[in-house]
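Trainee: below are the sequence and a predicted model; questions follow.
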Amino acid sequence: MFVLFWTDASIFLLLSVVVAFALYARRKEHLRAPWRGVARSRMGLASAVVLGAFVLTGLLDSVHFHPLLEPQSQAASRYSSEVLSLFDRLAMPLRERVEKTYSAPFATHLYAKETMTLPDGRQVRDYPRLQFGGAHLKHPARDRGTDIARTIASATVEALILWGLLIVGIVWLIARQSKARWRECVIDIARQRTIVPWHVMLLTLGVNLWGAVVVSRLCLDYHILGTDKVGQDVFYQTLKSIRTGLLMGTLTTLVMLPFAILLGIAAGYFGSWVDDVIQYLYTTLNSVPGVLLIAAAILMLQVYMATHAEGFESLEERADLRLLFLCIILGVRSWTGLCRVLRGETLKLRELDYIQAARAFGVGHFTIILRHILPNVLHLVLIAMVLDFSELVLAEAVLSYLNIGVDPSMNSWGNMINGARLEMAREPMVWWSLAAAFLFMFTLVLSANIFSDAVRDAFDPRLRELQRE
């Protein structure tokens with residue numbers, strides 16, 4: 001039985017808007033041309049493939065349902081109160097294999113010594129074997145390295161076969177679209193003679209595919225990033241945190257855009273008292289400390305959920321509402337920067353000759369804004385969207401570290417970093433939770449920044465003019 005959270009609905013609504021815009025842009029040359037420029041960028045295309053892997057994981061983790069319980073005799077179908085996602089179903093081995101406590105990456109024993117009773121009755125202090133990690137090895141100290149190398153080798157062969165099949169399919173689609181022979185298309189891609197650097201995309205796709213296959217094989221036998229205090233797999237928690245990071249970056253932008261576009265263009269176009277009111281509004285909002293505003297809003301939400309507990313059926317629903325509310329607060333707080341940029345650009349555009357001519361002919365203000373102002377500032381909107389995404393992903397980590405971010409029961413990189421504070425201070429030090437969160441967050445933010453550079457270069461008209469010259 002499927003469950004639709006508020007954030008799930010927002011994600012698929014945003015996905016529908018993106019698909020609709022892509023279909024619309026295909027028929028408009030002035031919209032297609034900048035995106036072709038993004039596709040011709042080697043770094044932009046490679047980063048887009050990496051971002052696509054993150055987005056696919058987030059989408060799989062956004063389809064929630066109540067699992068069906070085992071039928072009892074001829075009774076009606078019953079569903080569990082637990083809420084799972086498609087990603088949980090695919091990663092069920094990682095989710096269900098829970099150890100006793102901490103274990104290091106690829107370990108076969110616990111991370112701390114315990115008192116164990118031997119078969120002869122003697123008690124000794126030693127490292128107990130893990131229940132799942134490396135349980136198939138009879139002699140872990142001797143066979144672990146060989147077993148890992150053998151698994152990586154066999155997974156590499158599988159990845160190469162899958163990569164080859166993908167290359168055949170992708171090249172066939174490219175050849176069909178360009179109306180060229182398949183062999184000629186392969187030669188052009190191999191010799192890097194295509195306008196779009198398809199070889200970069202195929203190589204990046206191959207690296208991602210190899211990593212996915214190797215990791216999926218190793219996860220069946222080991223905890224590749226160790227386990228946390230309660231024995232849960234850290235790699236599973238890190239993958240589950242991808243959805244939270246993507247939501248913080250996308251939904252907050254979705255909340256921010258209407259305020260920034262409407263108020264920024266209105267302030268620059270109408271001027272006078274409208275400009276004064278809007279400037280006063282965003283100046284006042286910027287004067288309020290952001291952390292205090294977010295903390296007050298989250299506290300109010302917690303009080304509301306505590307007094308209306310009957311309105312929330314599960315902990316997941318409470319955590320989802322808190323995440324959505326945090327995105328709204330951040331969106332209301334972060335629209336001022338883009339609003340200032342759009343105001344300044346509109347102040348310049350409204351004095352151009354074709355805008356003045358439209359006014360002289362009696363064209364309405366709404367028509368001028370929609371047909372002349374908005375299309376000429378869209379490149380700024382797109383650039384700001386991609387640039388702000390990275391900042392918002394990092395903001396979630398900082399806010400969760402301060403205990404005013406997402407719900408503690410929700411998987412997020414910020415909660416992992418917050419929990420690692422005490423782990424880094426213990427002896428022996430537990431470092432892998434912090435390292436895993438840092439690695440995945442760094443990869444996502446770096447890919448988003450590289451992609452934003454490609455978008456900026458393609459959509460900024462001044463840079464396009466310099467490239468033509």
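Mentor: On my side now, so go ahead.
Trainee: show me what contacts the closest residue to Ser412 other than its chain neighbours?
Mentor: Nearest non-adjacent residue to Ser412, counting by Cβ to Cβ, 6 or more residues apart in numbering: Thr244, 4.1 Å away. To be clear about C-beta, it is placed using only N, CA and C from the backbone, and glycine gets the same treatment. Shown in contact with Thr244 (Cβ atoms under 8 Å, 6 or more residues apart in numbering): 323, 396, 406, 410-413.
Trainee: which one of these sits closest to Asp147?
Mentor: Closest approach between the contacts of Thr244 and Asp147, by Cβ to Cβ: Asn411, at 29.2 Å.
Trainee: phi, psi for that closest one please.
Mentor: Dihedral pair for Asn411: phi -70, psi 130, per degrees, to the nearest 10.
Trainee: ok, and the closest non-adjacent residue to it?
Mentor: Of all residues not flanking Asn411 in the chain, Lys240 sits nearest, at 3.7 Å (Cβ to Cβ, 6+ apart).
Trainee: now the one helix or strand that neighbour maps to: mean pLDDT?
Mentor: In the assignment (DSSP states H and E), Lys240 maps to helix 234-270. If you average the pLDDT over helix 234-270, you get 88.
Trainee: list the buried ones in that helix?
Mentor: Going by neighbour count (16 or more other Cβ atoms under 10 Å), the buried part of helix 234-270 is 234-257, 259-261, 263-269.
Trainee: what of stretch 309-323?
Mentor: Neighbour-count burial for stretch 309-323, counted by 16+ other Cβ under 10 Å, picks out 316-323.
Trainee: helix or strand right after the helix or strand harbouring Ser390?
Mentor: According to DSSP H and E, Ser390 maps onto helix 374-401. Using DSSP H and E, the helix or strand that follows helix 374-401 in sequence is helix 413-425.
Trainee: how far off helix 234-270 does that following helix point, in degrees?
Mentor: 130 degrees (axes from the mean of the first three to the mean of the last three Cα atoms, to 10 degrees).
Trainee: the strand or helix carrying Val291 - what's its average pLDDT?
Mentor: Assigned by DSSP H and E, Val291 falls within helix 290-307. For helix 290-307, the mean per-residue pLDDT is 80.
Trainee: that one versus helix 374-401: what angle between them?
Mentor: Using the same axes, to 10 degrees, helix 290-307 lies at 70 degrees relative to helix 374-401.
Trainee: mind giving me the domain split of the chain?
Mentor: As assigned by automatic domain parsing, the chain contains the domains 137-219, 240-468.
Trainee: kindly check the end-to-end length of the first one for me.
Mentor: Across its full length, domain 137-219 reaches 15 Å end to end, with Cα to Cα, to the nearest Å as the criterion.
Trainee: count the residues that sit near Gly271.
Mentor: The burial metric for Gly271, expressed as a neighbour count using other Cβ atoms under 10 Å, is 14.
Trainee: circling back to that earlier point, could you export the helix holding Val291 as CSV, CA atoms only?
Mentor: Coordinates of each C-alpha in helix 290-307 appear next as CSV, following Å, rounded to 0.1, in the frame of the first residue of the first chain:
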residue,chain,number,x,y,z
GLY,A,290,19.1,33.2,10.2
VAL,A,291,19.9,30.5,12.8
LEU,A,292,17.6,32.2,15.3
LEU,A,293,14.8,32.3,12.8
ILE,A,294,15.1,28.7,11.9
ALA,A,295,15.4,27.6,15.5
ALA,A,296,12.3,29.5,16.5
ALA,A,297,10.3,28.0,13.5
ILE,A,298,11.5,24.4,14.3
LEU,A,299,10.6,24.9,18.0
MET,A,300,7.1,26.1,17.0
LEU,A,301,6.7,23.1,14.8
GLN,A,302,7.8,20.7,17.5
VAL,A,303,5.3,22.2,19.9
TYR,A,304,2.5,21.9,17.3
MET,A,305,3.3,18.2,16.6
ALA,A,306,3.5,17.5,20.4
THR,A,307,0.0,19.0,21.0
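Trainee: buried ones in it, by neighbour count?
Mentor: 294-295, 297-298, 301, 305.
Trainee: also stretch 336-347?
Mentor: 336-343, 345-346.
Trainee: about what we covered before: so who does the residue nearest to Asn411 touch?
Mentor: 61, 87, 411 are the contacts of Lys240 under Cβ under 8 Å, 6+ apart.
Trainee: for those residues, which one is nearest Met441?
Mentor: Nearest to Met441 among the contacts of Lys240 is Asn411, at 12.9 Å by Cβ to Cβ.
Trainee: mind checking how far the residue nearest to Asn411 is from Leu246?
Mentor: Distance, Lys240 to Leu246, by Cβ to Cβ, to the nearest Å: 12 Å.
Trainee: ditto for Val49
Mentor: From Val49 across to Leu246, the span is 16 Å (Cβ to Cβ).
Trainee: circling back to that earlier point, out of the contacts of Thr244, which is most surrounded?
Mentor: Ranked by the number of neighbours (other Cβ under 10 Å), the contacts of Thr244 place Trp413 first, at 31 neighbours.
Trainee: wait, that residue sits on Phe440?
Mentor: Yes - with contact defined as Cβ atoms under 8 Å, Trp413 reaches Phe440; the gap is 6.7 Å.
Trainee: need the overlap of contacts for the two.
Mentor: Shared contacts of Trp413 and Phe440, counting by Cβ under 8 Å, 6+ apart, come down to 238, 241.
Trainee: check which helix or strand covers Phe366.
Mentor: Using DSSP H and E, Phe366 falls in helix 365-368.
Trainee: list the buried residues of that helix.
Mentor: Ile368.
Trainee: quick check: mean pLDDT of that helix?
Mentor: Mean predicted confidence for helix 365-368 is 85.
Trainee: confidence score at Met416?
Mentor: For Met416, the predicted pLDDT is 86.
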